[in-house]
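> Fold the following, please.
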Amino acid sequence: MTTGDGVTADNPISVVSAVVSDVTRPGRVLLGVRRPSAINERFPGVLSTPTFRLPDDVFALLTAGLPEIREPGSVPLDGTMFEIGYGGHCATAEGFVLETLMMRKLGLADALIDGTVHGTARARYLSRDEVADPLGTGRSEWTAMLTYDLQIDRGGAALPPETAAYSRFLWAETAKLPQAVANRDVLYLDPTLDPVEVCAHGLCLRVAVLMTGARHDRRRG
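Below is the predicted model:
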């Protein structure tokens, strides 16, 4: 298995992102503060949607048949809905990848295995962009990202307050996301966050704004 190095647009790193909502928390999406660690040297303290880096061949499997995107930007998708939980992780490659993300990043391994957590998901955006380093080193990283709309209909309370990947979680109001991301204002989302230690930065948040805005437009229509 190979992985992109992110140095050029032709060799981006491959990432899956999940914009997670919960039926018991309408109008909100899950964000986490990335914990500084040996495996997260590049984005410590960054507020993000749950993300998961993949081997390029797995990413190629997930994106087979989707529109090719070579320039910076995001293409909307209308992916096929699939189940999360109830042992559905083996039904599709997408389900397997998203459940792996939820196990590794969100601490939901036991809840998925025993059936506590259940939901549905579908691919919504395919993106490519050169992502600047939030630490200010000037070193950017080309990223190809597939974003899923993951809606939990049962068991959202099983999410722990923190994991090895995220030092804390919050359910952010989708109505506040555009302004918070545009201004990189974490306090607008949650006044208890420390803006010295936490920043709103990255492709995953920009795509979350696109996705939640599109969801709101569909409801109004």
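
> where does the chain dip in pLDDT?
Within the chain, the ranges that satisfy pLDDT under 70 run 1-2, 37-44, 87-89, 133-139, 214-221.

> quick one, helices of it?
Taking DSSP state H, the helices of the chain run over residues 56-63, 93-106, 109-113, 177-183, 186-189, 203-220.

> Just put the ones you listed in CSV and tack on mean neighbour count and distance to residue 80.
In this view, the C-beta of every residue, glycine as well, is placed from N, C-alpha and C. Output for the helices of the chain, formatted as CSV (neighbours: other Cβ atoms under 10 Å; distance: least, Cβ to Cβ, whole Å):
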stretch, mean neighbour count, distance to residue 80
helix 56-63, 16, 12
helix 93-106, 20, 8
helix 109-113, 17, 21
helix 177-183, 16, 26
helix 186-189, 20, 31
helix 203-220, 17, 17
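
> got those as CSV, with distance to residue 171 columns?
As requested, the helices of the chain are exported to CSV (distance: least, Cβ to Cβ, whole Å):
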stretch, distance to residue 171
helix 56-63, 27
helix 93-106, 13
helix 109-113, 17
helix 177-183, 12
helix 186-189, 10
helix 203-220, 13
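
> Let me know which of those is the nearest to residue 17.
helix 203-220 (4.5 Å; Cβ to Cβ).

> ok, back up a step: for residue 70, find the nearest of the helices of the chain.
Residue 70 lies closest, by Cβ to Cβ, to one member of the helices of the chain: helix 56-63, at 12.9 Å.

> Next, the angle helix 93-106 makes with the closest one.
Taking axes from the mean of the first three to the mean of the last three Cα atoms, to 10 degrees, one finds that helix 56-63 is oriented at 120 degrees with respect to helix 93-106.

> Might you report the residue contacts of the residue nearest the centre of the chain?
By Cα atoms, centre = their mean, the chain has its centre lying nearest to residue 17, at 2.8 Å. By Cβ atoms under 8 Å, 6 or more residues apart in numbering, residue 17 lies in contact with 48-52, 145-148, 204, 207-208.

> make it 7 Å
49, 51, 145, 147, 204, 207 (Cβ atoms under 7 Å, 6 or more residues apart in numbering).

> Could you dump these into JSON lines and include distance to residue 97?
Converted to JSON lines, the contacts of residue 17 look like this (distance: Cβ to Cβ, whole Å):
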{"residue": "49", "distance to residue 97": "15"}
{"residue": "51", "distance to residue 97": "12"}
{"residue": "145", "distance to residue 97": "13"}
{"residue": "147", "distance to residue 97": "12"}
{"residue": "204", "distance to residue 97": "15"}
{"residue": "207", "distance to residue 97": "17"}
